[in-house]
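In: Sequence first, then the predicted structure:
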Amino acid sequence: MLAYRCNDDVTVITETVNEQDVEFHLRLLQTEPYLQHLKEIRHYFEENDIYTDVLFYIYKNHEYGAIVRQAYYVDFVLQLMKYGFLRSVEWKDEKA
């Protein structure tokens, strides 16, 4: 299981876990350069051969959604880390 800490200067992230996927809701507090970074993350997932790994949604007021299949959760969180949306990511023992 992953635990992460948001970059509170950049975004507010919430997630809802469902049976087969995780729904992320991102509200950008800074659009530059993070809107472009979010587009790069979207492009990363759209360019692979799996069409349903991550589905992106755009809302008004710099709010975005992503439905991530469980199998791609780690990839998605690491992309958020790569582009500065998160301050830290770590593995947590599920038994603890």
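Out: Yep, it's here. Numbers count the residues shown, from 1 in each chain.

In: ok, how many other residues are close to the closest residue to residue 2 other than its chain neighbours?
Out: Leaving aside its sequence neighbours, residue 2 sits nearest to residue 77 (CB to CB, 6 or more residues apart in numbering; 5.5 Å). Every residue, glycine included, has its C-beta placed from N, CA and C. As a burial measure, residue 77 scores 21 neighbours (other CB atoms under 10 Å).

In: Please, where are all the helices along this structure?
Out: In the chain, the segments counted as helices under DSSP state H are 34-46, 73-82.

In: So the residue nearest to residue 53 when sequence neighbours are not counted versus residue 7, what's the distance?
Out: Excluding its sequence neighbours, the residue lying closest to residue 53 (CB to CB, 6+ apart) is residue 72, at 4.4 Å. Residue 72 is 21 Å from residue 7, where distance means CB to CB, to the nearest Å.

In: ditto for residue 58
Out: 21 Å.

In: Have a look at those two and say which one is more surrounded.
Out: Using other CB under 10 Å as the criterion, residue 58 and residue 7 rank with residue 7 on top: 20 against 10.
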